[in-house]
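# return atomic coordinates for the entry below.
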Amino acid sequence: MPRDWPQGGTAVEQEYETIDLREILFLIKNNLLAIVASTVICALLGFIVTTFLITPQYEASATMIVNSRQERTANLTNDMITTAKNLVATYSIIVKSDTVLNEVIGQLGLELSYEQLEKKVTVSAVDSTQVMKIAVEDENPAQAKAIAEAITQIAPPIIQDKVEAGSVKVISEARAGEKPVSPNKRMNTAIAGLLGLVLSVGAVFLREMLNNTFKTDEDIQKYLGFTVLGVIPHVEMEG
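Numbering: from 1, shown residues only. Alright, predicted model coming up:
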């Protein structure tokens, strides 16, 4: 039976006045199986997509130290260290410039454009120090290592030539990890499961909000304010 709302308030206003936590819990309880099933299915789909449809990426990295130019007899001061830290940001831009990366592409014979290689390279300061980390992600760990190694060889002389101050020296040679750094199967599976949970709960509430029929005698009293004098029971006849 459709709800015939009395004068003095809209359907939405009437529902807002009467929604409570018990109704929400009751609604979730009645649809718990569907909610759990949707969550599990979405999590499973997230795991399958991550495992079979996304190409794993491996990371190779090397570290270099940035020094400001100074005389051999000069003592190392805090100002010199601070200057070196600030130079990391400048050197990072040079490392990812086309001047360096195009030479890497030519030296290794990569079938990549500058833009494609630039997206694979990350340069950052290690713990806000004057140590600079160069990381390269690629689906081939050997190629990632070769790119990182080539950058550490090509970048220092170009940096010294362009900046005309300071120096960059390699601390650790390029190494590639044995396990892929992306995609993260656990995180993607969890996100997909959470998305399934949110969507299924949202669908349950949306369906309930759009349902304007009376289901019980309590609904008649609740929404119309009428007193129910009697109820016709539903009796199943045996054939």
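
# in three-state terms, label V168 for me.
Secondary structure assignment for V168 (DSSP: H, G, I helix; E, B strand; the rest coil): strand.

# now do the nearest residue to it once chain neighbours are set aside against L27, distance only.
Nearest residue to V168, sequence neighbours excluded (Cβ to Cβ, 6 or more residues apart in numbering): P156, at 4.4 Å. Backbone N, C-alpha and C define where each C-beta goes, glycine included. Distance of P156 to L27, computed by Cβ to Cβ, to the nearest Å: 65 Å.

# look up how far V100 lies from Q107.
11 Å.

# what about those two, which has more around it?
V100 (23 against 13; other Cβ atoms under 10 Å).

# separation between that one and Q116?
Applying Cβ to Cβ to V100 and Q116 gives a distance of 15 Å.

# with L206 instead?
For L206, the distance to Q116 - Cβ to Cβ - is 43 Å.

# residues in contact with T55?
Going by Cβ atoms under 8 Å, 6 or more residues apart in numbering, T55 touches E139.

# and it, which of the three is it?
Three-state assignment for T55 (three-state DSSP): coil.

# and the lengthiest helix in the chain, which residues are buried?
Using DSSP state H, we find that the single longest helix of the chain is helix 185-210. Neighbour counts over helix 185-210 (16 or more other Cβ atoms under 10 Å) mark 188-189, 192-193, 195-197, 200-201, 204 as buried.

# how about the helix or strand hosting the residue nearest to V168: buried residues?
In this assignment (DSSP states H and E), P156 forms part of helix 141-163. With burial defined by 16+ other Cβ under 10 Å, the residues of helix 141-163 counted as buried are 141, 143-152, 154-156, 158-159.

# mind listing the helices for this structure?
Going by DSSP H, the chain shows helices at 11-18, 21-30, 32-48, 78-95, 98-108, 114-120, 141-163, 185-210, 217-224.

# as a markdown table, these with distance to S61 would be great.
Formatted as a markdown table, the helices of the chain follow (distance: least, Cβ to Cβ, whole Å):
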| stretch | distance to S61 |
| --- | --- |
| helix 11-18 | 56 |
| helix 21-30 | 47 |
| helix 32-48 | 28 |
| helix 78-95 | 13 |
| helix 98-108 | 15 |
| helix 114-120 | 12 |
| helix 141-163 | 6 |
| helix 185-210 | 21 |
| helix 217-224 | 64 |
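
# pretty sure F205 contacts I28?
No: contact between F205 and I28 fails when scored by Cβ atoms under 8 Å: they sit 9.1 Å apart.

# ok, residues contacting stretch 158-175?
Residues contacting stretch 158-175 (Cβ under 8 Å, 6+ apart): 60-69, 84, 87, 90-91, 94-95, 99-100, 103, 131-132, 145-146, 148-149, 152, 155-156.

# let's see that stretch as CSV, backbone CA atoms only.
Listed next in CSV are the C-alpha coordinates belonging to stretch 158-175 (Å, rounded to 0.1, in the frame of the first residue of the first chain):
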residue,chain,number,x,y,z
ILE,A,158,76.6,17.6,-16.2
ILE,A,159,75.6,19.0,-12.8
GLN,A,160,79.0,20.4,-12.2
ASP,A,161,79.1,21.9,-15.7
LYS,A,162,75.6,23.5,-15.4
VAL,A,163,75.8,24.7,-11.8
GLU,A,164,79.5,25.6,-11.8
ALA,A,165,79.6,24.9,-8.1
GLY,A,166,79.5,21.9,-5.7
SER,A,167,80.0,18.3,-6.5
VAL,A,168,78.0,15.1,-6.6
LYS,A,169,79.6,11.7,-5.7
VAL,A,170,78.0,8.3,-5.7
ILE,A,171,77.6,6.7,-2.2
SER,A,172,75.9,3.4,-3.1
GLU,A,173,75.8,1.8,-6.6
ALA,A,174,72.4,1.1,-8.2
ARG,A,175,70.6,-2.0,-6.9
